[in-house]
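Asks: need a 3D model of the sequence below.
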Amino acid sequence: MTTIKTKEEIEIMREAGRRLALVLEDLKKAVRPGIKTMELNRLAESLISKQKGTPCFKGYDDFPAAICTSVNDEIVHAVPSARVLKEGDILTIDAGLRYKGYDSDMAFTLPVGKANPEALRLLRVTKKALKRGVKKVRPGNTVGDLGNAIQRYVESQGFSIIKDLCGHGIGKELQEDPKILNYGKRGEGEELKEGMVICIEPIVSMGDGTMKEGDDGFSFVTGDGSLSAHFEHMMAITSKGARVLTEIKSS
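Replies: Purely as a prediction, here's the structure:
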């Protein structure tokens, strides 16, 4: 069931989101060729602790780490490991921070060193698709309005939506209703209402948009081995539109 948050709850979630954004800014600075993804996970745990939060991914559905570190064709949920990042890889970091009983969730994809131009274009398109979705956030619009805006832009750029994955509501639980699809038809799906807090997260591949399970038991990878990118923000729905909560600066 979709829940409506009070102003007080949204302010707590805003603080959780701000603290998470600070953690991810520091993680970005640590990404370089030669670092192991497990080292990024250790750093994330330390940074989350310094922000007086706890990692809400760790233990969720038995996930063993504080962050997901998905590389190249890994779409989501890859477990940090002894894998060494190489020049030209693209890395998706997905993380969550719990603060005062409320969860926050955010993700981004970035190049490791210098990536090839088409990989960089994939990142730009996915990030812009998120912005297209955010612009459709207002009371009275529907989940289908958001998904349609994301899908039309991504496909116009020659890329594919991973349709088996989606965004979600969030609050005292990491995953709440409604599901926020990255595709759809205008006017269809659940209506957005003031006080809802949702995560919009376009997940895009260079290939045909299919996926399969990865070898670590948690991750998903593209079915055709193509690169994948993922950007996510958590936001509250206000009378004026989206208030992004996973940003460092006040909004």
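
Asks: quick check: Asp224 touching Asp208?
Replies: Yes: contact criterion Cβ atoms under 8 Å: Asp224 and Asp208 qualify, at 5.5 Å. Backbone N, C-alpha and C define where each C-beta goes, glycine included.

Asks: more neighbours: these two, which one.
Replies: The residue with more neighbours, out of Asp224 and Asp208, is Asp224; 15 against 11, by other Cβ atoms under 10 Å.

Asks: spatially nearest residue to that one (excluding sequence neighbours)?
Replies: Once flanking residues are discounted, Asp224 sits nearest to Gly207: 4.1 Å by Cβ to Cβ, 6 or more residues apart in numbering.

Asks: and the one you found, how far is that from Gly184?
Replies: As judged by Cβ to Cβ, to the nearest Å, Gly207 and Gly184 stand 21 Å apart.

Asks: now swap in Gly217 and tell me
Replies: From Gly217 to Gly184 the distance is 30 Å (Cβ to Cβ).

Asks: the more surrounded of the two?
Replies: Gly184 (20 against 11).

Asks: wait, the more buried one sits on Asn148?
Replies: Yes: between Gly184 and Asn148 a contact is recorded at 5.2 Å, counting by Cβ under 8 Å.

Asks: partners of the nearest residue to Leu120 once chain neighbours are set aside in the sheet?
Replies: In space, and not counting its chain neighbours, Leu120 is closest to Pro111: 6.5 Å by Cβ to Cβ, 6+ apart. Pro111 has these beta-bridge partners by DSSP bridges: Ile90.

Asks: where does this protein have low pLDDT?
Replies: 250-251 (pLDDT under 70).

Asks: Asp177 in helix, strand or coil?
Replies: Secondary structure assignment for Asp177 (DSSP: H, G, I helix; E, B strand; the rest coil): strand.

Asks: helices or strands up against the longest helix along the chain?
Replies: Criterion DSSP state H: the longest helix present in the chain is helix 7-30. Helices and strands touching helix 7-30, as assessed by 3 or more Cβ pairs under 8 Å, 6 or more residues apart in numbering; DSSP states H and E, comprise helix 37-50, strand 90-99, strand 102-111, strand 233-238, strand 241-244.

Asks: next one: the last one to chain centre, how far?
Replies: Distance of strand 241-244 from its chain centroid, counting by Cα atoms, centre = their mean, to the nearest Å, is 16 Å.

Asks: neighbouring strands - and their directions - for it?
Replies: For strand 241-244, pairing defined by DSSP bridges yields strand 233-238 (antiparallel).

Asks: what does the strand it pairs with contact?
Replies: 5, 10, 13-14, 17, 104-106, 130, 134, 137-139, 170, 192-201, 242-247 (Cβ atoms under 8 Å, 6 or more residues apart in numbering).

Asks: quick one: the residue nearest to Asn141 when sequence neighbours are not counted from Thr37, how far?
Replies: Closest residue to Asn141 apart from its sequence neighbours, by Cβ to Cβ, 6+ apart: Leu192 at 5.1 Å. With distances taken as Cβ to Cβ, Leu192 is found 35 Å from Thr37.

Asks: what do you get for Phe108?
Replies: Phe108 sits 15 Å away from Thr37, going by Cβ to Cβ.

Asks: how deep is Gly225 tucked in, by neighbour count?
Replies: Gly225: 11 surrounding residues under other Cβ under 10 Å.

Asks: give me the nearest residue to it, chain neighbours excluded.
Replies: Nearest to Gly225 is Asp73, by Cβ to Cβ, 6+ apart, at 5.2 Å.

Asks: right, and that neighbour touches Ser226 too?
Replies: Yes: Asp73 is within contact range of Ser226, at 6.3 Å (criterion: Cβ under 8 Å).
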